[in-house]
Structure formats: C-alpha cells, structure tokens
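Trainee: this is the structure alone, sequence omitted:
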C-alpha cells in the first residue's frame, strides 16, 4: 500500500487532516479520541508494520490485494 492509498482509505473512513507540519500529517475523526499521525511520502510504499500500526490506531482493517 502506498501513502496515497493509505490517506485515501483514512479519508473514506471519515478522517480529516487537522494539522500538518512538513511531511507529517495528523488526522482526526469525531468519536475517535486520538490523532492518527502519518509521515506522508506520496507514492512510496508504506512499511507493513507502520501501515498496520496506523490502521489499528484508526480502527480499520487492512485491505487485501487480489
């Protein structure tokens, strides 16, 4: 999964960007107490552990490729 795909997944789930400093973006959603931090790098692949941690913090499941 690329950073672009990860951000699209978060935004489709209702998360919105609330803060940005350089390449670091913070996303929030009403009803979720914590901010989700994404070190955004565009079309580069997200390391699998990082991706899993971000999705777990957001309460989302990893999308499987076919």
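Mentor: It's in. On a predicted model such as this, the values are computed, not experimentally measured, just so you know.
Trainee: so residue 58 is in contact with residue 14, correct?
Mentor: No: with contacts counted by C-beta atoms under 8 Å, residue 58 stays clear of residue 14, the gap being 9.7 Å. For glycine as for every other residue, the C-beta is placed from the backbone atoms N, C-alpha and C.
Trainee: so what sits against both of the two?
Mentor: The overlap between the contact sets of residue 58 and residue 14 (C-beta atoms under 8 Å, 6 or more residues apart in numbering) consists of residue 29.
Trainee: nearest spatial neighbour of residue 61, skipping sequence neighbours?
Mentor: Spatial nearest neighbour of residue 61, chain neighbours left out: residue 55 (6.9 Å); criterion: C-beta to C-beta, 6 or more residues apart in numbering.
Trainee: more neighbours, residue 58 and residue 14?
Mentor: Taking neighbours as other C-beta atoms under 10 Å, residue 58 and residue 14 compare with residue 58 leading, 20 against 13.
Trainee: so for that one, what pLDDT did the model give?
Mentor: With respect to pLDDT, residue 58 scores 93.
Trainee: and it, how far is that from residue 15?
Mentor: For residue 58, the distance to residue 15 equals 7 Å [C-beta to C-beta, to the nearest Å].
Trainee: touching both of those two, which residues are there?
Mentor: Residues touching both residue 58 and residue 15 (C-beta under 8 Å, 6+ apart): 27, 29, 32, 36.
Trainee: hmm, residue 62 and the residue nearest to residue 61 touching each other?
Mentor: Yes: applying C-beta under 8 Å, one finds residue 55 in contact with residue 62, separated by 5.6 Å.
Trainee: and the gap between residue 50 and residue 11?
Mentor: Residue 50 is 18 Å from residue 11, by C-beta to C-beta.
Trainee: wait, is residue 26 part of a strand?
Mentor: Yes: secondary structure assignment (DSSP: H, G, I helix; E, B strand; the rest coil) places residue 26 inside a strand.
Trainee: no more questions from me, cheers.
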